[in-house]
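Visitor: give me a model of this one.
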Amino acid sequence: MGLVRPIRPASPEPIGLHTQAMDNLRFIRNAMESAGSFTAVPGLGGIVMGATAFFAAFAAHLSRNSRDWLKIWMAEAVLALAIGLAFSYRKATQNRTPLLSKPFRRFVLGVAPSVFAGALLTMVFYQGGLNHLLPAMWLLLYGAGITSGGAFSVRVVPVMGMSFLALGTIATLAPARFADALLAAGFGGFHIAFGWVIARRYGG
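Guide: Residues are numbered from 1 along each chain as shown. Presented below is the predicted three-dimensional model:
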């Protein structure tokens with residue numbers, strides 16, 4: 001006698017509700033992360049960065065030679081980077097949001113090319129005796145990077161970037177004796193002003 005086979009194939013085992021719910025939550029989270037903006041921009045960190053930039057501008061103005069002047073501003077750049085990362089991590093932790101999110105990576109990718117170009121051109125300009133062009137170059141490239149990266153952040157960030165671009169344009173035409181004042185206005189004044197706005201409107 002032959003085997004009796006069912007006319008309809010057995011239906012696969014149904015997926016549990018818990019598994020479906022987890023898959024849906026994972027999809028929603030990934031979609032929100034991809035479409036979201038980088039909100040961990042540190043407002044308080046910007047204020048601190050601005051304050052250190054004012055001290056750097058004062059110290060650089062009193063420096064004895066161009067080498068000491070450049071060392072002061074390079075030290076300020078490294079310090080500002082450390083402050084920005086520390087306060088970004090602090091804000092992300094307080095808001096319980098991942099710092100290394102897709103918007104953050106996009107923000108970094110928007111800023112990184114300008115930072116790399118600025119570091120490379122700084123060495124080229126210094127070796128070529130073109131120190132008087134450094135302030136304008138720093139302001140322009142920083143503004144370009146913040147404007148690009150700000151497309152993935154809160155609205156006020158690209159506005160800050162465009163403000164740096166405008167100030168950098170002025171610096172290209174200004175006499176060299178105004179270099180430290182312009183750098184103080186940008187890296188000091190703009191960071192404090194926009195940092196205050198970010199801290200008030202977007203927290204931290």
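Visitor: can you name the next helix or strand after the helix ranked longest in the chain?
Guide: Ordering each helix of the chain by length in residues (DSSP state H) puts helix 66-94 first. Sequence-wise, the next helix or strand downstream of helix 66-94 (DSSP states H and E) is helix 102-127.
Visitor: and that following helix, what does it pack onto?
Guide: With contacts defined as 3 or more C-beta pairs under 8 Å, 6 or more residues apart in numbering; DSSP states H and E, helix 102-127 has these neighbours: helix 17-35, helix 66-94, helix 134-149. Glycine gets a C-beta too; all of them are placed from N, C-alpha and C.
Visitor: mean confidence score for that helix?
Guide: Averaging pLDDT along helix 102-127 gives 86.
Visitor: going by neighbour count, which residues of it are buried?
Guide: Within helix 102-127, the residues scored as buried using 16 or more other C-beta atoms under 10 Å are 102-104, 106-107, 110-111, 114-115, 118, 121-122, 125.
Visitor: got it, and stretch 140-153?
Guide: Going by 16+ other C-beta under 10 Å, stretch 140-153 has these buried residues: 140-150, 152-153.
Visitor: do you know the pLDDT at the closest residue to residue 75 other than its chain neighbours?
Guide: Closest residue to residue 75 apart from its sequence neighbours, by C-beta to C-beta, 6 or more residues apart in numbering: residue 56 at 7.4 Å. We have a pLDDT of 96 for residue 56.
Visitor: what's the burial count for residue 56?
Guide: Neighbourhood size, residue 56 [other C-beta atoms under 10 Å]: 23.
Visitor: against residue 166, how distant is it?
Guide: Distance, residue 56 to residue 166, using C-beta to C-beta, to the nearest Å: 21 Å.
Visitor: that's a helix at residue 63, yeah?
Guide: No: using DSSP: H, G, I helix; E, B strand; the rest coil, the assignment for residue 63 is coil, not a helix.
Visitor: can you pull the contacts of it?
Guide: 69, 72 (C-beta atoms under 8 Å, 6 or more residues apart in numbering).
Visitor: what number of residues lie near the closest residue to residue 86 other than its chain neighbours?
Guide: Residue nearest to residue 86 in three dimensions, not counting chain neighbours: residue 45, with 7.0 Å by C-beta to C-beta, 6+ apart. The tally of other residues near residue 45 (other C-beta under 10 Å) stands at 26.
Visitor: quick one: residue 45 and residue 81 touch, right?
Guide: No: assessed by C-beta atoms under 8 Å, residue 45 is found out of contact with residue 81, at 10.6 Å.
Visitor: buried residues, the longest helix of the chain. List them.
Guide: Buried residues in helix 66-94 (16+ other C-beta under 10 Å): 69-70, 72-73, 76-77, 79-80, 83-84, 87-88, 90-92.
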